[in-house]
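Asker: Fold the following and give me the result.
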Amino acid sequence: MDDADLRERLEQRLMSHGVYVTDLSTAEGTLRIEYETASPGEGVPHREVGRVLNRLLDLLGEGWEPLDVRAEVSDIEEEPRGTWRADAEWLAAHDRGDLSDVDLSQRVIDTIEEA
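Answerer: As a prediction, this is how the structure comes out:
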């Protein structure tokens, strides 16, 4: 699955939730996603992190190979809100059933750095 296909598949599911992918690229084993959130407030909305993560997990079943994920979040005025990450190893462990939804979510939430 190339970057254009991956971006299209992510955008299709996320836009209805107020998550707008503005940039996506893969390099050196890392998927970098930049997206804007329409959610009010400060910081990185945890619910949207979950939505992006769940969509990536869905894509594992469609042939996407897990990569380290690095996400940058901004608001719709392009002001930075923060970053988060998910390691490929965590995604693969979840896919195998070795890591629960709750444990995966907690690991990812723990990586959030507010802007």
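Asker: what's whichever strand or helix holds V52 packed up against?
Answerer: Using DSSP states H and E, V52 maps to helix 46-60. Secondary-structure packing of helix 46-60 (3 or more Cβ pairs under 8 Å, 6 or more residues apart in numbering; DSSP states H and E): helix 3-14, strand 19-27, strand 30-37, strand 68-75, strand 80-86, helix 88-96, helix 101-109. (Glycine included, C-beta is placed from N, CA and C.)
Asker: what does that helix contact?
Answerer: With Cβ atoms under 8 Å, 6 or more residues apart in numbering as the test, helix 46-60 has contacts from 1, 6, 9-10, 13-14, 17-19, 31, 33, 35, 37, 39, 64, 66, 69, 71, 73, 84, 86, 91, 94-95, 104-105, 108-109, 112.
Asker: Measure how far it is from the centre of its chain, please.
Answerer: Its chain's average C-alpha position is 6 Å from that of helix 46-60, according to Cα atoms, centre = their mean, to the nearest Å.
Asker: Report how many residues lie close to L6.
Answerer: 21 (other Cβ atoms under 10 Å).
Asker: residues touching P80, list them.
Answerer: E72, V73, S74, A115.
Asker: switch the cut-off to 6 Å
Answerer: By Cβ atoms under 6 Å, 6 or more residues apart in numbering, the contact list for P80 reads S74, A115.
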